[in-house]
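*Asks:* Here is the input, now give the coordinates:
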Amino acid sequence: MPNSDADSAALGELMHAAFRGLRGRWIQQLAPFELTPHQYRALNAMGRNADDGGMRLKDLADRLRIAPRSATEVVDQLEAKGLVERGPDPSDRRATLIALTPAGTRMREGVRRDRAREADEYFAALSSDDRSELARILGQLAGDMPRRHPKP
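*Replies:* Numbering: from 1, shown residues only. Okay, the predicted model is just below:
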């Protein structure tokens, strides 16, 4: 286990290198779908709320941990592609809900299938036990993220 600043720095570099490799593969995998990673993340988040009739833009921004303005830009791009639509919020006439169109749902499912296949290839070098341990560790780190604050 790393216990010094040097060990922690090396671990951070290894994680960064692994993430860069995975992100590069992800970008290549999304290219045939003409989606960016941000657009897919938004499609995926909206797909998880499909049974709720849509979600508010602020809720999407919160889920993606991005600024509301950035969420608006992504939704505008997806709407231009016919993958999402805006509609009135029945519980608040001043608010707007965003939801996947049928084309957006099909796109999301197609990308999810390809991503699962890509992830299987990427993680093929790891044993089942290693994958479980990696998932546990990354889940622990990701779960801690919202509580972390930069040092002054």
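*Asks:* Pull the number of nearby residues for the closest residue in space to residue 100 that isn't next to it in sequence.
*Replies:* Leaving aside its sequence neighbours, residue 100 sits nearest to residue 46 (Cβ to Cβ, 6 or more residues apart in numbering; 5.2 Å). To be clear about C-beta, it is placed using only N, CA and C from the backbone, and glycine gets the same treatment. Residue 46 has 26 neighbouring residues, counting by other Cβ atoms under 10 Å.
*Asks:* Could you double-check that residue 46 lies in contact with residue 105?
*Replies:* No - look at residue 46 against residue 105 with Cβ atoms under 8 Å: they stay out of range, at 9.3 Å.
*Asks:* returning to what we had before: got the confidence number for the residue nearest to residue 100?
*Replies:* Looking at residue 46, its pLDDT is 95.
*Asks:* Residue 51 too?
*Replies:* pLDDT, residue 51: 73.
*Asks:* for the host helix or strand of residue 26, what is the average pLDDT?
*Replies:* In the assignment (DSSP states H and E), residue 26 maps to helix 5-30. The pLDDT scores in helix 5-30 average 88.
*Asks:* Stretch 62-77 too?
*Replies:* Over the span of stretch 62-77, the pLDDT mean works out to 95.
*Asks:* Centre of the chain to that stretch, how far?
*Replies:* Centroid separation for stretch 62-77 versus its chain: 12 Å, with Cα atoms, centre = their mean, to the nearest Å.
*Asks:* Now do the buried residues in that stretch.
*Replies:* Across stretch 62-77, burial judged by 16 or more other Cβ atoms under 10 Å covers 63-64, 66, 71, 74-75, 77.
*Asks:* Report the secondary structure state of residue 97.
*Replies:* strand (DSSP: H, G, I helix; E, B strand; the rest coil).
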